[in-house]
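K.L.:
Predicted model and sequence below, questions to follow.
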Amino acid sequence: MRLVGREKLLAFQRRHADTRAWIKAWTKEVETAAWKSPQELKERYPTASIINDQAIVFNVKGNSYRLEVIISFAAQVISIGRWGTHADYDKWVW
């Protein structure tokens with residue numbers, strides 16, 4: 001998949017240094033992934049929350065943080081949306 005919004009991930013890890021290793025591993029995996037559906041993604045990330053056909057929220061660092069992405073499975077593009085602490089996530093409006 002092509003990753004869009006890498007600068008948001010860099011800002012995230014600057015603010016939360018403990019996410020650095022997770023983000024590095026996740027980025028590497030995403031860039032080599034070829035998921036064709038939300039179900040395929042859930043097979044790899046069972047704790048990810050499927051909000052709708054495109055919006056997915058990943059639990060980062062054992063649920064300490066959340067990362068929202070928008071995915072076009074047809075175009076094989078994943079865009080970084082919002083990120084924040086678990087408390088931040090509780091305030092997000094869908």
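P.N.:
Looks like it arrived, so ask away.

K.L.:
Looking at Y89 now. What's its pLDDT?
P.N.:
Y89 is assigned a pLDDT of 82 by the prediction.

K.L.:
what does I51 give?
P.N.:
Confidence for I51, expressed as pLDDT, is 92.

K.L.:
any idea how far it is from F58?
P.N.:
I51 sits 11 Å away from F58, going by CB to CB, to the nearest Å. For the C-beta atoms, the positions are set from N, CA and C on the backbone; glycine is no exception.

K.L.:
Residues that sit against both of the two, list them.
P.N.:
Counting by CB atoms under 8 Å, 6 or more residues apart in numbering, the residues touching both I51 and F58 are E68.

K.L.:
does F73 really touch A34, like I thought?
P.N.:
No. The criterion here is CB atoms under 8 Å, and F73 misses it with A34 at 9.4 Å.

K.L.:
So for those two, which sits in the more crowded spot?
P.N.:
F73 (17 against 8; other CB atoms under 10 Å).

K.L.:
in this structure, which spans are strands?
P.N.:
2-4, 49-50, 55-60, 65-72, 77-85 (DSSP state E).
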